[in-house]
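Chemist: Everything below, folded, please.
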Amino acid sequence: MTWTAWIRPFHRWTSIVFVAVVAGIFIALGVGRKPAEWVYFAPLFPLALLALTGLYMFVLPYIARRRDPNASGQE
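Modeler: From the prediction side, this is the model:
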């Protein structure tokens, strides 16, 4: 599995982890429990990974177009 084929599933699973962590924090706050202060920093690591992988997937078509100008249909 190449890097490009691996990045999309990694981004998808990381987003599931991020949503689960944020939902857990909101549920804990809704129940009335005050979580420890470090819990509020838990979503930052998955968010950073999402930002990096998302930016990579955003830039990927532009990189491919620059490498092969005929791939976009322009002649």
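Chemist: For the longest helix along the chain, buried residues please.
Modeler: For the chain, the helix with the greatest residue count under DSSP state H is helix 3-31. Within helix 3-31, the residues scored as buried using 16 or more other Cβ atoms under 10 Å are I7, H11, T14, S15, F18, V21. (C-beta placed from N, C-alpha, C; glycine too.)
Chemist: Excluding residues flanking it in the chain, which one is nearest the fourth one?
Modeler: The spatially closest residue to S15, leaving aside those adjacent along the chain, is L50, at 6.0 Å (Cβ to Cβ, 6 or more residues apart in numbering).
Chemist: In this structure the one you found contacts F18, no?
Modeler: Yes: at 6.1 Å, L50 counts as touching F18 under the criterion of Cβ atoms under 8 Å.
Chemist: State the helix or strand in which the residue positioned nearest the centre of the chain lies.
Modeler: By Cα atoms, centre = their mean, the chain has its centre lying nearest to L50, at 2.1 Å. Assigned by DSSP states H and E, L50 falls within helix 44-67.
Chemist: Could you pull up the mean pLDDT of that helix?
Modeler: Mean pLDDT, computed over helix 44-67, is 91.
Chemist: Other residues contacting it?
Modeler: Under the criterion Cβ atoms under 8 Å, 6 or more residues apart in numbering, residues T4, I7, R8, F10, H11, T14, S15, V17, F18, V21, A71, S72 lie in contact with helix 44-67.
Chemist: which residue packs closest to the fifth one, ignoring adjacent ones?
Modeler: Yep, that's H11 we're talking about. That would be T53: by Cβ to Cβ, 6+ apart, it lies 4.1 Å from H11.
Chemist: burial measure for that neighbour, as a count.
Modeler: Other residues near T53 number 18, with proximity taken as other Cβ atoms under 10 Å.
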